[in-house]
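Trainee: Structural data only, the sequence is not supplied:
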């Protein structure tokens with residue numbers, strides 16, 4: 001497993017831990033004190049699990065299992081995959097921390113942190129998909145399909 005794949009997958013696990021801890025804290029607070037969590041905390045929890053855990057895991061596994069790029073492939077560049085990683089990491093962490101902070105801080109700049117972090121997430125995912133697009137291709141299945149095999 002390549003180091004970039006490990007980085008994506010380990011980051012997914014870190015975001016899973018953040019999601020589990022935030023979810024546990026919300027349920028304990030609700031059940032012990034009777035206080036329901038803020039919608040900002042619910043959004044942070046949901047977002048860190050769905051984008052932080054699920055997307056990082058999906059993208060890491062995609063890097064791992066998709067066929068290697070063709071030798072003449074100019075679209076796939078590891079530097080762009082790294083850029084996508086950092087955009088998505090900073091965006092997800094910024095979104096999570098910004099939503100959590102909004103529970104106790106009423107500042108206009110914090111709204112912009114959440115918006116810009118969300119933009120970074122979208123940019124990171126789109127950049128990753130654009131970069132890996134050429135790796136989504138038939139390798140062995142094309143020959144099997146030509147022989148009439150169905151699967």
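Mentor: It's in. Since the model is a prediction, treat every value here as computed from it, not as a measurement.
Trainee: Return the distance of stretch 50-67 from the chain's centre.
Mentor: Chain-centre distance of stretch 50-67: 8 Å, with CA atoms, centre = their mean, to the nearest Å.
Trainee: Could I get the buried residue list for that stretch?
Mentor: Across stretch 50-67, burial judged by 16 or more other CB atoms under 10 Å covers 51-53, 55-57, 59-60, 62-63. (Each C-beta comes from the backbone N, C-alpha and C, glycine too.)
Trainee: closest to residue 35 among those?
Mentor: residue 52 (25.1 Å; CB to CB).
Trainee: for stretch 102-112, what is the average pLDDT?
Mentor: Stretch 102-112 carries an average pLDDT of 93.
Trainee: ok, residues contacting the helix or strand containing residue 79?
Mentor: Residue 79 is part of helix 78-102, with elements assigned from DSSP states H and E. Contacting residues not belonging to helix 78-102 are listed as 4, 7-8, 11, 15, 18, 22, 38, 40-41, 43-44, 47-48, 51-52, 55-56, 59, 63, 110-111, 113-114, 116-125, 127-128, 130-132 [CB atoms under 8 Å, 6 or more residues apart in numbering].
Trainee: circling back: just the buried residues of stretch 50-67: which are in helices?
Mentor: 56-57, 59-60, 62-63 (DSSP state H).
Trainee: Residue 12 against residue 53, yeah?
Mentor: Yes. Using CB atoms under 8 Å, residue 12 makes contact with residue 53 at a distance of 5.1 Å.
Trainee: Tell me, please, the helix or strand in this protein that averages the lowest pLDDT.
Mentor: helix 141-146 (a mean of 70; mean pLDDT, DSSP states H and E).
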